[in-house]
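[1] What follows is a predicted protein model with its sequence.
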Amino acid sequence: MSGNYYFVIIGHHDNPIYEQEHSSRDSQNKKDDYRDLCQFVAHASLDMIDEHMWTTNNMYLKVVDKFNDWNVSAFVTAGKQRFVILHDVKNEDSIRQFFQEVYELYIKIAMNPFYEPNTPITSPLFHQKLKALCRRYLI
């Protein structure tokens, strides 16, 4: 699987907890516009995610929305945190596995007594492991 993606963990109060992106864009100005657009699309898809999560018992919601060439896939945790990924290449098995492994990482962070729920994740180890998962499943 090769392509562009934008991954975000959204907290219980619709606040971003963690962001990760991969883009083939070159200039910094285009990257800023790209990031802003991705944040907008991810936030706009929250209503669709909330609708889908009540219609199924699965945590992985598959593709819940589309924007131009982008697909929006989602995963909802037991604590109602949402993992959202915008991707331009559709590969549901890889994305499902990616979400499962990110969920395991997230649980480890959430169980840390020094982590405050719904606050940004700043752990360099979490970032490093998530980047490795992105290379493994998304790029």
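    Received the coordinates, thanks.

[2] residues contacting residue 48?
    Going by CB atoms under 8 Å, 6 or more residues apart in numbering, residue 48 touches 64-65, 72. All C-beta spots, glycine's among them, are computed from the backbone N, C-alpha and C.

[3] name the element residue 71 belongs to?
    Residue 71 is part of strand 70-76 when elements are defined by DSSP states H and E.

[4] Check which helices and strands the helix or strand just after that strand sits against.
    Of the helices and strands lying after strand 70-76 in sequence (DSSP H and E), the nearest is strand 82-87. Using 3 or more CB pairs under 8 Å, 6 or more residues apart in numbering; DSSP states H and E, the elements in contact with strand 82-87 are strand 5-10, helix 28-44, helix 46-53, strand 70-76, helix 92-110.

[5] Can you list the low-confidence ranges for the chain?
    Residue ranges of the chain with pLDDT under 70: 1-2, 23-32.

[6] So which of the contacts of residue 48 is the closest to residue 85?
    Closest approach to residue 85 among the contacts of residue 48 (CB to CB): residue 72, at 7.4 Å.

[7] How many residues are close by the closest one?
    By other CB atoms under 10 Å, the residues close to residue 72 number 22.

[8] who touches it in this structure?
    Applying CB under 8 Å, 6+ apart, the residues near residue 72 are 41-42, 45, 48, 63-66, 84-86.

[9] From those residues, keep the buried residues only.
    Buried members of these, counted by 16 or more other CB atoms under 10 Å: 41-42, 45, 48, 63-65, 84-86.

[10] still on that earlier bit, possible to save the contacts of residue 48 as CSV with distance to residue 111?
    Formatted as CSV, these follow (distance: CB to CB, whole Å):
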residue, distance to residue 111
64, 28
65, 31
72, 28
